[in-house]
Structures are given as structure tokens and as C-alpha cells.
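Chemist: requesting a structural model of the entry that follows:
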Amino acid sequence: MPKIIDHGQRRKEIVEVAKKLIVEGGFEAATMRSIVAAAGFANGALKHYFPNKDSIVAATFQSVLAEMNERAGERGPALGPAEELRHYVEAALPLDEYRIASARVLLALWEHSAANEELATLYREHLETWRGQLAARIAAARGRGEAADAPAVTELAGEIIAMTVGANVTCLMFPAGALVPEHRSYVDRLMRRIAR
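Modeler: Here you go, the predicted model:
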């Protein structure tokens, strides 16, 4: 009896291999040939799942963003608005080995997306969703009855996004975890400002 292949699972495995190669050697390390070799596929087998490198890059980008969204959506029991905001902000910061590796992948993909309108659009959509969800959490945590699109709320959302993107870039220039105390300190200061 022929072996039944779960094609969705195979696609996920290929994306995981691409992420691993990017973490270890940057975007250039994730060639079609290196992905095939690391995934243990025969030459040409990759084309059944992804027609070209850009399609693997897009799937990898979507995977990392989905994982970040999933992490941000994970909640402990009955978090209040301030604790939920803290969790949401920390989920996107490079505070552990996994998130630092994700930052490495995102940095490589951001660079590639600058020349690829499809990927740039995908990331812009992610940023807009993130900004909206962040603003809603900020407004709730401030507890002043403000709308999510109030100027003070959107200013804070923009600041947090800029800080988070910067943190994900700069964490790659230092030994793993070296900037974690600085990032946690920022979140503490942010939460004190919001509580005022």
C-alpha cells in the first residue's frame, strides 16, 4: 500500500527548515538547494510544495507572524486590561531564545520584502492589525474611556511598535539575551506611564 503523505505537514516542515537555515546563516543560506538537502528531499521534490524561493519566503514570513500573533493571543486566566497589554507587548519583544530566533528570521525577511511588493503588503497588513489591536489594549489599560483611535492612544501604539521593531533589530547585534533587562525595563516604564 502506498504511503499517504500529509502535504500540509510537509509544507510546515519545509518552512521550519527555511527558518532554521535563516537563523543559522541569514537569508542567503536558505537556498532551494540547501532547503532540499536539509529537509531530506530529492531534487525537484520541493517544487511540489513551493514553486520558487519567494513562495517559501512568503510562507516563512506568514509562519513567523502567525506564531507571534498566537503568542500574543495566549492569555493567563482572567488578565485585567493592564496585564493583558503587558503580555501583548512582551509577546513581540525578543525576551527569550525563541523570540530572538524569530527576530533573526524577521530581519532577513524584512530586508527581502523591501524589494518584493507581495511580502511588503503582507507585512504592512500585519502592522496595521498589530497597531489596531495594540491601540485597543492601550485604551482599555488607560481606563479613561478613550477610543482606540484617540491621538494619545495611537501615539503610544506607534511608540511601542517602533520600540519593538528596534528591539528586534538591535538584539541581533549583542550576545543572545544581553538586552532582555533593558527591554523589560522599557515595559515596566511603559506600564507606569499608562497607569498615570
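Chemist: and the helix with the most length in the chain, what's its mean pLDDT?
Modeler: When every helix of the chain is counted residue by residue (DSSP state H), the longest turns out to be helix 117-142. Helix 117-142 comes out with an average pLDDT of 92.
Chemist: likewise stretch 8-15?
Modeler: For stretch 8-15, the mean per-residue pLDDT is 89.
Chemist: contacts for it?
Modeler: Stretch 8-15 is contacted from outside by 35, 39, 46, 49-50, 56, 59-60, 63, using Cβ atoms under 8 Å, 6 or more residues apart in numbering. The way it works is simple: take the backbone N, C-alpha and C, and place the C-beta from them, glycine included.
Chemist: ok, then the element right after the lowest-mean-pLDDT helix or strand in the chain?
Modeler: Lowest on mean pLDDT, DSSP states H and E among the helices and strands of the chain sits helix 53-73, with a mean of 83. Of the helices and strands lying after helix 53-73 in sequence (DSSP states H and E), the nearest is helix 81-91.
Chemist: dump that following helix to PDB, restricted to CA.
Modeler: Listed next in PDB are the C-alpha coordinates belonging to helix 81-91 (Å, rounded to 0.1, in the frame of the first residue of the first chain):
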ATOM      1  CA  PRO A  81      -6.600  45.300  30.900                       C
ATOM      2  CA  ALA A  82      -3.100  46.400  32.100                       C
ATOM      3  CA  GLU A  83      -1.800  42.800  32.400                       C
ATOM      4  CA  GLU A  84      -3.200  42.000  29.000                       C
ATOM      5  CA  LEU A  85      -1.400  45.000  27.500                       C
ATOM      6  CA  ARG A  86       1.800  44.000  29.200                       C
ATOM      7  CA  HIS A  87       1.500  40.400  27.900                       C
ATOM      8  CA  TYR A  88       0.700  41.700  24.400                       C
ATOM      9  CA  VAL A  89       3.800  44.000  24.300                       C
ATOM     10  CA  GLU A  90       6.100  41.400  25.700                       C
ATOM     11  CA  ALA A  91       5.000  38.800  23.200                       C
END
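Chemist: outside of it, which residues touch it?
Modeler: Where contact means Cβ under 8 Å, 6+ apart, the residues beyond helix 81-91 that reach it are 68, 71-72, 74-76, 79, 133-134, 137-138, 140-141, 143, 160, 164, 184, 187, 190-191, 194-195.
Chemist: same deal with stretch 60-76?
Modeler: In this structure, residues lying in contact with stretch 60-76 by Cβ under 8 Å, 6+ apart are 12, 15, 18-19, 22, 30, 83-84, 87-88, 91-92, 99, 102, 105-106, 109, 113, 119, 122-123, 126, 133.
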